[in-house]
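>>> Okay, structure incoming, though there's no sequence with it:
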Ligand SMILES: Cc1cc2nc3c(=O)[nH]c(=O)nc-3n(C[C@H](O)[C@H](O)[C@H](O)COP(=O)(O)OP(=O)(O)OC[C@H]3O[C@@H](n4cnc5c(N)ncnc54)[C@H](O)[C@@H]3O)c2cc1C
């Protein structure tokens, strides 16, 4: 287990609301670490609709999900938050008054005076392909994410899927794999045309294999794959492999949030509307994960919630200090923090 990371605030979820919370906390001299299971920031905006326009961000008539994520990252730059991506928060315990211990599935441990849950609709988790008996191989020789490319060096790899993730990992892993086979159910790909062309060029040069069909069965022992059956239109082919990487997209599941002993209502966390604090003082819930009378699951609501949360969080982080309300337009102290004065 790694050394404990001590910080003022841990934000669980780096969606738009978690990102803007960094800004509101930063104005009050509160440092934050953000943890997200995705390999990128932006939550639903980045994962579900990066190219779609959003028309109801106050003062911005039109911006895409990707554009909003980029703008939020620019806005919080002065506060230099630390991101821990590809990591799921699994545990949250109260160890002081208030002091919390937060643990991730990669063994990181944090201690923070305040925890902000910005977990949206829950954690994005990979969709499991419909292959009978896949469970014993999962996380041993069947992997839904690539955390360390080197783990796949000199291995016979089976990448499954037809979207950007499958194609990107095909192109990245092919040079280090012993042999790479891409399996997709049809000879058309949803991924970027440039990646499709590069993949087809590798196949034409004999540097990798492409099989059209579906993985129907796995062979192996003790979680170690030996081969997979690929069912095509007219035949079933046996492909020997050491590891399989299925990329079938992501689904949102509430995940571990439900296990943290917080009061829950229909998979949402009830909060007060003065500070968006949960039933545990020092733990706040903002954005799509919370519920209160009149709640609207909109980005602008989450931004407002983050601003009020920060005001209350200040008193936990600096119990002996008085908080003076200030405007960014007129406060030189705030402008200094933003690096503009
Ligand atoms: C197609 C579509 C269009 C939309 N259009 C609009 C619109 O036009 N205007 C608007 O205001 N809203 C819109 N929304 C809703 C908007 O995207 C959400 O309100 C917003 O994303 C909520 O932000 P959030 O930060 O609370 O949560 P999310 O964006 O869901 O981010 C939460 C993050 O928390 C992470 N997470 C969860 N649990 C854990 C855990 N245990 N450990 C680590 N990480 C975890 C998740 O991986 C995720 O990245 C739209 C939504 C969709 C799906």
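Ah, there it is. As the structure is a prediction and not an experimental result, all values here were calculated from the model.
>>> What count of nearby residues applies to residue 92?
Taking other C-beta atoms under 10 Å as the criterion, the count of residues near residue 92 is 23. Heads up, the C-betas are built off the backbone N, CA and C, glycines and all.
>>> Nearest residue to it in space, please, no chain neighbours.
Once flanking residues are discounted, residue 92 sits nearest to residue 260: 4.3 Å by C-beta to C-beta, 6 or more residues apart in numbering.
>>> ok, how many other residues are close to that neighbour?
22.
>>> now swap in residue 312 and tell me
Counted with other C-beta under 10 Å, residues neighbouring residue 312 total 18.
>>> Report the contact partners of it.
When contacts are counted by C-beta atoms under 8 Å, 6 or more residues apart in numbering, residue 312 is found next to 274, 275, 277, 284.
>>> let's see it at 10 Å
114, 272, 274, 275, 276, 277, 281, 282, 284, 323 (C-beta atoms under 10 Å, 6 or more residues apart in numbering).
>>> Just to be sure, the first one is in a strand?
Same thing as residue 114. Yes. Remark: residue 114 belongs to a strand, assigned using DSSP: H, G, I helix; E, B strand; the rest coil.
>>> just to revisit the earlier point, going by neighbour count, which of the contacts of residue 312 are buried?
Neighbour-count burial within the contacts of residue 312 applies to 114, 275, 276, 277, 282, 284; the criterion is 16 or more other C-beta atoms under 10 Å.
>>> Quick one: those residues as CSV, columns for pLDDT, secondary structure and distance to the ligand too.
Output for the buried ones among the contacts of residue 312, formatted as CSV (pLDDT from 0 to 100; DSSP: H, G, I helix; E, B strand; the rest coil; distance: C-beta to the nearest ligand atom, whole Å):
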residue, pLDDT, secondary structure, distance to the ligand
114, 98, strand, 17
275, 98, coil, 17
276, 98, coil, 11
277, 98, strand, 16
282, 98, coil, 18
284, 98, strand, 12
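>>> Could you give the backbone dihedrals for the residue nearest to residue 92?
With angles defined as degrees, to the nearest 10, residue 260 shows backbone torsions of phi -90, psi 10.
>>> now swap in residue 19 and tell me
Residue 19 has phi and psi values of phi -70, psi -50 when expressed as degrees, to the nearest 10.
>>> tell me the pLDDT at it?
Residue 19 carries a pLDDT score of 98 in this model.
>>> is stretch 142-157 anywhere near the ligand?
No. With C-beta under 6 Å from any ligand atom as the threshold, stretch 142-157 lies outside contact range of the ligand, at a closest distance of 12.4 Å.
>>> my bad, stretch 236-253
No. Using C-beta under 6 Å from any ligand atom, stretch 236-253 never reaches the ligand; the gap is at least 7.2 Å.
>>> need the residues of the stretch 1-150 of the chain near the ligand, please.
By the criterion of C-beta under 6 Å from any ligand atom, the positions of the stretch 1-150 of the chain lying close to the ligand are 12-18, 35-38, 43-45, 48-49, 54, 56, 88-89, 118-124.
>>> Any residues of the stretch 201-341 of the chain in contact with the ligand? List them.
255, 256, 257, 287, 288, 297, 298, 299, 300, 302.
>>> ok, now which ones touch the residue in the stretch 101-250 of the chain positioned nearest to the ligand?
With distances taken as C-beta to the nearest ligand atom, the stretch 101-250 of the chain approaches the ligand most closely at residue 120, which sits 1.9 Å away. Taking C-beta under 10 Å, 6+ apart as the criterion, residue 120 is in contact with 12-18, 36, 43-44, 47, 252, 287-289, 297, 302.
>>> Right, I'll leave it there.
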